[in-house]
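Engineer: curious how this folds, go ahead:
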Amino acid sequence: MGSEVSTYGDVYSFGILLLEMFTGKRATDHFFMDGLSLHKCVKMAIGDQVSEIADPSLVQVGNPSQSTNNALE
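Structural biologist: Predicted coordinates:
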């Protein structure tokens with residue numbers, strides 16, 4: 001990306017930030033080595049494997065409406 005400021009760089013960085021939040025992993029984790037990056041890992045999992053890469057604290061199990069009702073009480 002270089003040292004020049006660009007909209008492209010801002011959008012890319014924001015996308016990486018969203019991926020870090022969704023997966024609970026940092027783009028600099030040791031898990032991402034040998035050409036594997038956070039972006040590539042998520043791209044490979046899109047479809048039927050999304051639940052395997054999602055941060056467990058974001059995944060809701062059970063009846064979603066029941067959890068919402070409990071939160072409002």
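Engineer: may I have the longest helix along the chain as CSV, with CA atoms only?
Structural biologist: In terms of residue count, the longest helix belonging to the chain (DSSP state H) is helix 7-23. The C-alpha coordinates for helix 7-23 follow below in CSV (Å, rounded to 0.1, in the frame of the first residue of the first chain):
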residue,chain,number,x,y,z
THR,A,7,-9.5,5.9,0.0
TYR,A,8,-8.6,2.4,-1.2
GLY,A,9,-6.3,1.9,1.8
ASP,A,10,-8.9,3.2,4.2
VAL,A,11,-11.6,0.9,2.9
TYR,A,12,-9.2,-2.1,3.0
SER,A,13,-8.1,-1.3,6.6
PHE,A,14,-11.8,-1.0,7.6
GLY,A,15,-12.6,-4.3,6.0
ILE,A,16,-9.7,-6.0,7.9
LEU,A,17,-11.0,-4.4,11.1
LEU,A,18,-14.4,-5.9,10.5
LEU,A,19,-12.9,-9.3,9.8
GLU,A,20,-10.9,-9.1,13.1
MET,A,21,-14.1,-8.3,15.0
PHE,A,22,-16.1,-11.0,13.3
THR,A,23,-13.5,-13.8,13.7
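Engineer: same question for stretch 27-46, mean pLDDT?
Structural biologist: Across stretch 27-46, pLDDT averages out at 85.
Engineer: start to end distance for that stretch?
Structural biologist: 17 Å (Cα to Cα, to the nearest Å).
Engineer: re earlier: after the longest helix of the chain comes which helix or strand?
Structural biologist: Remark: after helix 7-23, the chain's next helix or strand is helix 38-45, criterion DSSP states H and E.
Engineer: by contact count, what packs against that next one?
Structural biologist: Under the contact criterion of 3 or more Cβ pairs under 8 Å, 6 or more residues apart in numbering; DSSP states H and E, helix 38-45 touches helix 7-23, helix 50-53. (C-beta placed from N, C-alpha, C; glycine too.)
Engineer: repeat that for 6 Å
Structural biologist: Using 3 or more Cβ pairs under 6 Å, 6 or more residues apart in numbering; DSSP states H and E as the contact criterion, no helix or strand is in contact with helix 38-45.
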